[in-house]
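A.B. asks: I'll drop the sequence and a predicted model, then ask my questions.
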Amino acid sequence: MSSSPRPPSHPISAACGALVGASWFNIASFVVVGVNAVALGLETYDAVVAVAGSALRWIEYACLAYFVLELLIRFGAHLPAPAGFFRDGWNVFDLVIVTAPLLPGVRENVTVLRLLRLARIARAFRLFPSLRVIFVGIRRSLPGLGSFLLVTALLLYGYAVLGWMLFGTAYPERYGTVGQAMLTLFLLLSLDGITDTLQAGRQVTDWAVLYYVSYMVAACYLLTNLLVGLVLTALQEAHQDERAAALQSRRPPAGDDRREPSVQEQLAQLHAIISDLERRMPDRSPAPDAPAPACDGTCDRPVADRGVAA
């Protein structure tokens with residue numbers, strides 16, 4: 001039974017889809033995002049605003065116009081099925097940060113407007129797969145990051161109590177309370193000034209060596225490696241999902257006749273070919289009513305064969 005013909009694609013949707021899939025389109029969008037970020041940074045300098053304030057505003061309007069046009073093109077690519085546009089989280093994100101500054105009330109709030117303009121920089125993640133993998137990997141690591149922060153807080157709290165017991169009297173500005181001790185130990189996670197801190201602790205008690213060495217091993221090395229492993233695992237999963245999505249997008253649709261046949265279908269086709277070849281081969285077995293070849297007395301071989309041999 002032949003499959004039903006696929007409906008012809010909308011010409012506007014096909015043109016917009018080809019434009020969105022072009023590599024230069026993503027590069028141009030990335031350049032506009034960069035120009036918008038530079039203009040936003042230049043507005044923090046009063047001298048630049050005094051000289052080129054109007055030019056920066058025109059650049060902002062031009063970037064906003066391009067973002068609106070890009071959003072319309074991406075929506076046009078989903079014109080036959082507009083719901084597919086909203087199923088993509090990146091499209092919803094672009095729609096919010098692009099259209100929000102056009103709304104009354106938001107347009108007059110300078111702080112919210114600048115935050116929305118700053119959020120446009122995050123659009124660079126959706127333009128390139130490598131950046132998108134990093135963003136998805138960071139998002140995937142957030143649940144594990146919560147557990148990591150809990151373990152880190154418990155470890156810092158335990159060492160902070162020990163630090164208060166050992167150094168609270170000698171160094172009240174750093175270990176006078178549990179909160180001050182936790183802040184001091186948190187700053188020591190980077191191992192900045194650990195040598196001076198260790199020498200100062202040895203002047204108070206000999207247990208300072210064991211205290212700081214165990215803290216460096218537990219907090220600075222084990223926890224840091226745990227965080228790196230957590231992020232790397234999330235990035236690897238995000239990379240695998242991105243590669244699977246790319247393969248899925250390249251696969252023909254279910255109703256396409258050009259799809260690759262399954263293993264069972266290939267075996268059935270091979271069996272049919274072999275059966276057809278067997279039917280075409282001539283039957284070389286002797287007929288049941290055919291006379292036996294003439295033999296001499298010995299009947300070792302037919303007479304005709306012996307005559308030829310003679």
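C.D. replies: Received it, and whenever you're ready, just let me know what you need. Numbers count the residues shown, from 1 in each chain.
A.B. asks: number of nearby residues for residue 231?
C.D. replies: Close neighbours of residue 231, defined as other C-beta atoms under 10 Å, add up to 18. Bear in mind the C-beta positions are built from the backbone N, C-alpha and C, glycine included.
A.B. asks: can you check residue 264 too?
C.D. replies: Neighbours around residue 264, by other C-beta under 10 Å: 8.
A.B. asks: try residue 38
C.D. replies: Neighbours around residue 38, by other C-beta under 10 Å: 12.
A.B. asks: flag the shaky bits of the stretch 51-200 of the chain, pLDDT-wise.
C.D. replies: 107-108, 110, 128-129 (pLDDT under 70).
A.B. asks: how about the helices in it?
C.D. replies: 83-87, 89-99, 110-119, 124-127, 129-140, 142-167, 172-175, 178-187, 194-202 (DSSP state H, counting those that start in this stretch).
A.B. asks: reformat those helices as a markdown table; add distance to residue 30.
C.D. replies: Formatted as a markdown table, the helices of the stretch 51-200 of the chain follow (distance: least, C-beta to C-beta, whole Å):
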| stretch | distance to residue 30 |
| --- | --- |
| helix 83-87 | 21 |
| helix 89-99 | 14 |
| helix 110-119 | 16 |
| helix 124-127 | 5 |
| helix 129-140 | 9 |
| helix 142-167 | 26 |
| helix 172-175 | 47 |
| helix 178-187 | 37 |
| helix 194-202 | 42 |
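A.B. asks: between those helices, which one is nearest to residue 268?
C.D. replies: Distances from residue 268 to each of the helices of the stretch 51-200 of the chain were compared using C-beta to C-beta; the minimum, 36.0 Å, belongs to helix 83-87.
A.B. asks: who touches the closest one?
C.D. replies: Identification of contacts with helix 83-87 by C-beta atoms under 8 Å, 6 or more residues apart in numbering yields 74, 75, 77, 78, 91, 92.
A.B. asks: I'd like to know how far the nearest residue to the second one once chain neighbours are set aside sits from residue 95.
C.D. replies: So that's residue 75. Setting aside the residues directly before and after it, residue 75 is nearest to residue 85 in space (C-beta to C-beta, 6 or more residues apart in numbering), at 5.3 Å. The gap separating residue 85 from residue 95 is 9 Å, by C-beta to C-beta, to the nearest Å.
A.B. asks: follow-up on the earlier one: quick one: which two of the contacts of helix 83-87 are the most distant?
C.D. replies: Across the contacts of helix 83-87 (C-beta to C-beta), the longest gap, 15.1 Å, separates 77 and 92.
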